[in-house]
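S.K.: Here is a sequence together with a model predicted from it:
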Amino acid sequence: MPRYLLQHRHAPHECGAVFASFKGHRSRLRHQATVASCLSGGHAIWWTVETSDEAEALALLPHFVLDRTTATKVTEIRIP
C-alpha cells in the first residue's frame, strides 16, 4: 500500500485550534503519537500514513488542518 508523509504547518497562535479540530473529526490519527515541533517553536506536525491514494491520506485530517497540509508519496530506502 502506498505511504504518504503529511506535513502540516500553522502559526504559533493556532496550536489550540489545530488540536481542537480533531475532536469533531473521526480519524485513525486521533489518540496516536506522531512528531511535531510546536514545543520547540517550529509549529509543524508530521504523520506517516499508509492509504490507497493521496486523497484518502488527506481525508484523515480535519478541514482546519487539511488547508495547511501537503501530502508527499514516500518509500523507505536504505542509506548505504
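M.R.: Now that the structure is in, tell me what you want to look at.

S.K.: low-confidence ranges in the protein?
M.R.: Within the chain, not a single segment meets pLDDT under 70.

S.K.: For residue 4, which non-adjacent residue is spatially closest?
M.R.: residue 57 (4.1 Å; C-beta to C-beta, 6 or more residues apart in numbering). For the C-beta atoms, the positions are set from N, CA and C on the backbone; glycine is no exception.

S.K.: would you say that neighbour is within a strand?
M.R.: No - assigned with DSSP: H, G, I helix; E, B strand; the rest coil, residue 57 falls outside any strand and is helix.

S.K.: Count the residues that sit near it.
M.R.: 23 (other C-beta atoms under 10 Å).

S.K.: ok, now residue 27?
M.R.: For residue 27, using other C-beta under 10 Å, the count is 15.

S.K.: ok, it to residue 75 distance?
M.R.: Applying C-beta to C-beta, to the nearest Å, the value for residue 27 to residue 75 is 24 Å.

S.K.: picking that back up, got a list of what the residue nearest to residue 4 touches?
M.R.: Counting by C-beta atoms under 8 Å, 6 or more residues apart in numbering, residue 57 makes contact with 4, 6, 49, 51, 71.

S.K.: Which strand or helix spans the third one?
M.R.: Taking DSSP states H and E as the definition, one finds residue 49 inside strand 44-50.

S.K.: That strand: which residues count as buried?
M.R.: Buried residues in strand 44-50, counted by 16 or more other C-beta atoms under 10 Å: 45, 47, 49.

S.K.: Contacts made by that strand with the rest, please.
M.R.: For strand 44-50, the external contacting residues (C-beta under 8 Å, 6+ apart) are 1-10, 18, 29, 34-38, 57, 60, 65, 74.
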